[in-house]
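>>> build me a model:
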Amino acid sequence: MKNWVLVGVVCGLLGMAAGSAHAEIGAIDAVPAATLLLPYFEVGLESCAEQPTTLFSVNNASAAPVIAHVTLWTKLARPTIDFDIYLTGYDVFTVNLADLFIRGTLPQTGPNFDIGDDPISPNAPGEFSDPDAAPPGCSFPLPSQIPASLLQYIRNLHTGFPAPAGFDNAGLCGAQPQGLATPAEGVATGYITIDVVNDCSLLFPGNPGYFADEGTGIAANDNVLWGDYFLANPNESFAQGDSLVHIESMSSVRNGFWAPGDYTFYGRYLSFDASDNREPLATTWATRYFAGTVAPFDDDSDIICWRDSGLDDSFFFDCGVTPSPYPLGQNQIVMFDEQENPVVVEGSPFSPPPVGITVVPCACATTRANANDFGAIFDFGWLYLNLNTSTGSLVDPIKQSFLTTIHSASGLFSVGFQAVHLDSALAKTFSVTSSPADVNLPVEDD
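Next up, the predicted model:
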């Protein structure tokens, strides 16, 4: 009898996990979602265990198997490689990006195939999972080894080197150079999106057919994915972890929830027709910082920014130049100490910022900046960041973004926190502060 009670309790908990999470479109909340965002990654390319790396997990909150489509993007939002992960019901899969960038291996998954199967359920989904299913466009097990030429390609593009010969974009770049002799001397950086999909594909999110209203393209609308990530630096004995950014899908254009012109997460690749059905992120943020001037907090905080230019900037560009609209400006940054004393940082609501505007600490699609890059900060305090900017987009000046902050101390401790979002890009209007000089906390128009 006790065994039956235990099974009933477990089934009840799984049902709650999969079906009763409360979510609100426009709020950045950690609930099962249709898209996940890893806002920043870094991987040291030297073949050494002491190099920094990034790990992330993809989890399935439903009993049914799903396919998660992973896309890597450079610091300037250029897509480089995509792959699929098969997840059984309630499955979890962890990816170490060092495996991809250094060893050239991808996750190998598929129905009735799971490396390291446990003895309880070998070659089968778990007891509470639905039976395995194989979408028609998938060939299982999914590929596990990246060809040497493709490995060199992604290493080049994520460190500011040109794409090698043999590719359509040979000789073009996807990020600014790091001043290195070879990619192996550098740190690959960028961000990652993960979408629940109906079938396997080699399409990027900006390709025709990837999105269609009501989740009828390659991408699906099921809010079933969740996950987390870690930025690990063994050489400094530091690691920070946080939830991935969970981006929910909601209904469709056809039933009137969305309308063409609405700001959605992938809208820039779809002429903002809202067919991706995914909620956007926020545009203004508040986050604490440490200047690193008072022990034991002797290291200034790092601010990780993810930003949307509002333009389809997925095309590669001539090396040696920074393509428009980068560097991205910002509408307003205000620094406060812990007694509410403010300092307004001179900025620009336009991209690229005019000559003379030099404070652009979140200039790329993804950036890891030091708190001191924002100007002469106080010992302790908080930042108000309004990252709206005009770039020639259909939705100017509204621009979604995401912020997280990393605090380190004494060379021993490190934590990461998502910043507090103060609005949502669902808003239809916004007043740009062209000359941010007000010492009071800015307030958006209703």
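
>>> ok, S324 - contacts?
For S324, the contacting residues are 351-352, 392, by CB atoms under 8 Å, 6 or more residues apart in numbering. Just so you know, the C-beta spots here come from the backbone N, C-alpha and C atoms, and that holds for glycine as well.

>>> any stretches of the stretch 201-350 of the chain with poor pLDDT?
Across the stretch 201-350 of the chain, nothing is flagged by pLDDT under 70.

>>> circling back: now a ChimeraX select for only the buried ones of the contacts of S324.
In ChimeraX syntax, the buried subset of the contacts of S324 is picked out as below (16 or more other CB atoms under 10 Å):
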select :351,352
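
>>> how about JSON lines for the contacts of S324, with secondary structure, distance to Y289 and pLDDT added?
Converted to JSON lines, the contacts of S324 look like this (DSSP: H, G, I helix; E, B strand; the rest coil; distance: CB to CB, whole Å; pLDDT from 0 to 100):
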{"residue": "S351", "secondary structure": "coil", "distance to Y289": "24", "pLDDT": "89"}
{"residue": "P352", "secondary structure": "coil", "distance to Y289": "25", "pLDDT": "88"}
{"residue": "G392", "secondary structure": "coil", "distance to Y289": "32", "pLDDT": "92"}
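
>>> okay if I get the contacts of S324 as CSV plus distance to G44?
As requested, those are arranged in CSV below (distance: CB to CB, whole Å):
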residue, distance to G44
S351, 30
P352, 30
G392, 36
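
>>> okay, how far is it across stretch 320-336, tip to tip?
Distance between the two ends of stretch 320-336: 37 Å, counting by CA to CA, to the nearest Å.

>>> buried residues in that stretch?
Buried-residue list, stretch 320-336, by 16+ other CB under 10 Å: 323, 325-336.

>>> closest to E346 among the residues you listed?
Nearest to E346 among the buried residues of stretch 320-336: I333, at 8.8 Å, using CB to CB.

>>> the protein: helices as residue ranges?
Applying DSSP state H to the chain gives helices spanning 2-19, 97-101, 148-157.

>>> please enumerate the strands of the stretch 251-400 of the chain.
284-290, 302-307, 317-318, 332-337, 342-345, 366-370, 380-386 (DSSP state E, counting those that start in this stretch).

>>> how does this structure divide into domains?
22-247, 282-421 (automatic domain parsing).

>>> next, format those domains as TSV and append distance to P260.
Formatted as TSV, the domains of the chain follow (distance: least, CB to CB, whole Å):
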stretch	distance to P260
domain 22-247	10
domain 282-421	10
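
>>> out of the strands of the stretch 251-400 of the chain, nearest to F413?
strand 284-290 (11.6 Å).

>>> give me the residues contacting that closest one.
297, 299-301, 303, 371, 374, 377, 379-388, 401, 403-405, 407, 409, 417, 419-423, 444.

>>> let's see it at 7 Å
297, 300-301, 303, 371, 377, 380-386, 403, 405, 407, 419-423, 444 (CB atoms under 7 Å, 6 or more residues apart in numbering).

>>> of those residues, just the buried ones, PyMOL syntax please.
With 16+ other CB under 10 Å as the burial test, the buried ones among the contacts of strand 284-290 are selected in PyMOL as follows:
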select buried, resi 297+300+301+303+371+377+380+381+382+383+384+385+386+403+405+407+419+421+422+423
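
>>> which residues does A30 contact?
Counting by CB under 7 Å, 6+ apart, the residues that A30 touches are 243, 246.

>>> give me that answer again for 8 Å
With CB under 8 Å, 6+ apart, A30 has these contacts: 226, 243, 246.

>>> ok, D396 next?
Contact analysis of D396 by CB under 8 Å, 6+ apart lists 310, 390.

>>> ramachandran angles for it?
phi -50, psi 140 (degrees, to the nearest 10).

>>> now do it against G209, distance only.
28 Å (CB to CB, to the nearest Å).

>>> T105 - nearest residue in space that isn't next to it in sequence?
D99 (4.8 Å; CB to CB, 6 or more residues apart in numbering).

>>> what's the local residue count around that neighbour?
17 (other CB atoms under 10 Å).

>>> pretty sure it contacts F83?
No: with contact defined as CB atoms under 8 Å, D99 does not count as touching F83 (11.9 Å).

>>> what do these two both touch?
Common neighbours of D99 and F83 (CB under 8 Å, 6+ apart) are L106.

>>> low-confidence stretches in the stretch 51-200 of the chain?
Ranges of the stretch 51-200 of the chain meeting pLDDT under 70: 112-126.

>>> just the strands in the stretch 1-150 of the chain please.
35-44, 53-60, 66-73, 79-87, 92-96, 109-110, 113-114.

>>> what strands line up against the first one, and which way round?
Strand 35-44 has the following strand partners under DSSP bridges: strand 187-197 (antiparallel), strand 245-247 (antiparallel).

>>> average pLDDT for it?
Taken as a whole, strand 35-44 has a mean pLDDT of 97.
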